[in-house]
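Engineer: got a sequence here, can you build the structure:
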Amino acid sequence: MALSRKNFSDIPPDAVILTEEEAFKYQSKLLNSWKNTSDILGYKYGPYLLSAAGFFSGFFLNSYYRQKFKLLSYGRASTYLPMCFLPAAFSFLTHVEFVQSDVILQKRDACPVCLEMRGAAIQGLVGCVFPTILAPMANLSLAHRYATFNVPDLAREPTKVYNLIRLKSQPISGILLAIFLGQAFFGSLVTYLEAKSVINVNLKLAELERQVENS
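Structural biologist: The predicted structure is shown next:
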């Protein structure tokens, strides 16, 4: 049975009325058990694409700042693990929680463009801004610990630390903008493809219901 939103005056007598939570569980179960994978590519693989995008941006930024602060092999695991897996995990979780759930429910107060913009904004923040802030700070602390670079004291000289990070980030300012726009594009695209997956399933279910009624 296809899930749809209607006003109470338009609900047929034989319709099953679900709460928002019940509707979300029903639609999620329906999508997860859908046999034709080509109909639900966006829903099934979209969040993993965003997770991969977050992973690679974290990897690139961590590699860049490690090189700038001359860390060589010092603390490799302690920076790569959080810098790669935190953006990847947060990209997946924040999208599923704050975007995909509304796409599945087809909320009337969440227009398609608004959802795409939300998906773009969240992915841009989590996939670019978050690792851009975290990477230099994590690697600065290691550079200070292993004395691989002359690092100002963060507590006593925060302005010097900020200026140092800005100086080291300047050569890749264009790349950072490209990463942000790329992450935002992926966030918007995945949201669109997820909505298309939901529409595909609902249309095919509605067609099957019409065929059963006319048979």
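Engineer: what's the weakest-modelled helix or strand in this protein?
Structural biologist: Ranked by mean pLDDT, DSSP states H and E, the weakest helix or strand in the chain is helix 20-32, scoring a mean of 87.
Engineer: now that one, how far from the centre of its chain.
Structural biologist: 21 Å (C-alpha atoms, centre = their mean, to the nearest Å).
Engineer: quick check: buried residues in that helix?
Structural biologist: Neighbour counts over helix 20-32 (16 or more other C-beta atoms under 10 Å) mark A23, F24, Q27, L30, L31 as buried. Where C-beta positions appear, they are placed from N, C-alpha and C, glycine not excepted.
Engineer: remind me, longest helix of the protein?
Structural biologist: Counting residues, the longest helix in the chain under DSSP state H turns out to be helix 173-214.
Engineer: report all helices and strands that that one contacts.
Structural biologist: For helix 173-214, the elements it packs on are helix 20-32, helix 41-68, helix 76-95, helix 101-105, helix 112-124, judged by 3 or more C-beta pairs under 8 Å, 6 or more residues apart in numbering; DSSP states H and E.
Engineer: returning to that earlier point: of the buried residues of helix 20-32, closest to Y43?
Structural biologist: For the buried residues of helix 20-32, the closest approach to Y43 (C-beta to C-beta) belongs to L31, at 5.3 Å.
Engineer: that closest one contacts V103, correct?
Structural biologist: No: assessed by C-beta atoms under 8 Å, L31 is found out of contact with V103, at 10.4 Å.
Engineer: between these two, which contacts overlap?
Structural biologist: In terms of C-beta atoms under 8 Å, 6 or more residues apart in numbering, L31 and V103 are both contacted by the residues V198.
Engineer: now do the same for the most centrally placed residue in the chain: its pLDDT.
Structural biologist: Nearest to the centroid of the C-alpha atoms of the chain, with distances taken as C-alpha atoms, centre = their mean, sits S91, at 3.4 Å. At S91, the model reports a pLDDT of 97.
Engineer: look up how far N150 lies from P47.
Structural biologist: Per C-beta to C-beta, to the nearest Å, P47 is found 42 Å from N150.
Engineer: same thing with Y48?
Structural biologist: Counting by C-beta to C-beta, the gap from Y48 to N150 is 41 Å.
Engineer: likewise for W34?
Structural biologist: 58 Å.
Engineer: show me which of those two is the more surrounded one.
Structural biologist: Each of W34 and N150 has its neighbours counted (other C-beta atoms under 10 Å); W34 has more, 18 against 9.
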